[in-house]
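# quick one, what's the 3D model for this:
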Amino acid sequence: MHYGGLPGSCNHIVIIRDGEVIWDGGRVFNFKLKKGDIVSIRSGGSGGWGNPLERDPVRVAEDYKNGLISLDVAKNIYGVVINPQTNEIDFEATRKLREKMSSKGT
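Next up, the predicted model:
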């Protein structure tokens, strides 16, 4: 149950040896590492709480300004249109986009 939020993401592991990716996936068991191997572990995240189209556009813009989301995520997930030059919200374009996205069930 995610109360209107989107599905979360899974954990992800990447292992790089001598500049080459030798593992790129989820779980890994009994994998022998060597000195110099680079291991990147990305823990899964939640899909949020509630319908993203109902999130306050000002808070979405703050998330963008703080580097937590991209302009594409602001627009395509939250339905918020932000001017990349001014970082200001286009409230009319946001209203229209959210109406369109809601009618599509997105």
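# what is the rounded mean pLDDT of the longest helix seen in the chain?
Scanning the chain for the helix with the most residues, using DSSP state H, yields helix 91-104. Taken as a whole, helix 91-104 has a mean pLDDT of 94.
# give me the buried positions along it.
94, 97-98, 101 (16 or more other Cβ atoms under 10 Å). C-beta: built from backbone N, CA, C; applies to glycine.
# secondary structure class for the closest residue to residue 69 other than its chain neighbours?
Of all residues not flanking residue 69 in the chain, residue 63 sits nearest, at 4.8 Å (Cβ to Cβ, 6 or more residues apart in numbering). Following DSSP: H, G, I helix; E, B strand; the rest coil, the label given to residue 63 is helix.
# next one: residue 74
Secondary structure for residue 74, judged by three-state DSSP, is helix.
# what about it, how many residues close to it?
Per other Cβ atoms under 10 Å, the neighbour tally for residue 74 reads 23.
# residues contacting it?
Counting by Cβ atoms under 8 Å, 6 or more residues apart in numbering, residue 74 touches 60-61, 63-64, 80-82.
# what's in contact with the longest helix of the chain?
With Cβ under 8 Å, 6+ apart, helix 91-104 has contacts from 53, 57, 75, 79-81.
# map the structural domains onto the sequence of this structure.
Structurally, the chain divides into domains by automatic domain parsing as follows: 1-50, 52-104.
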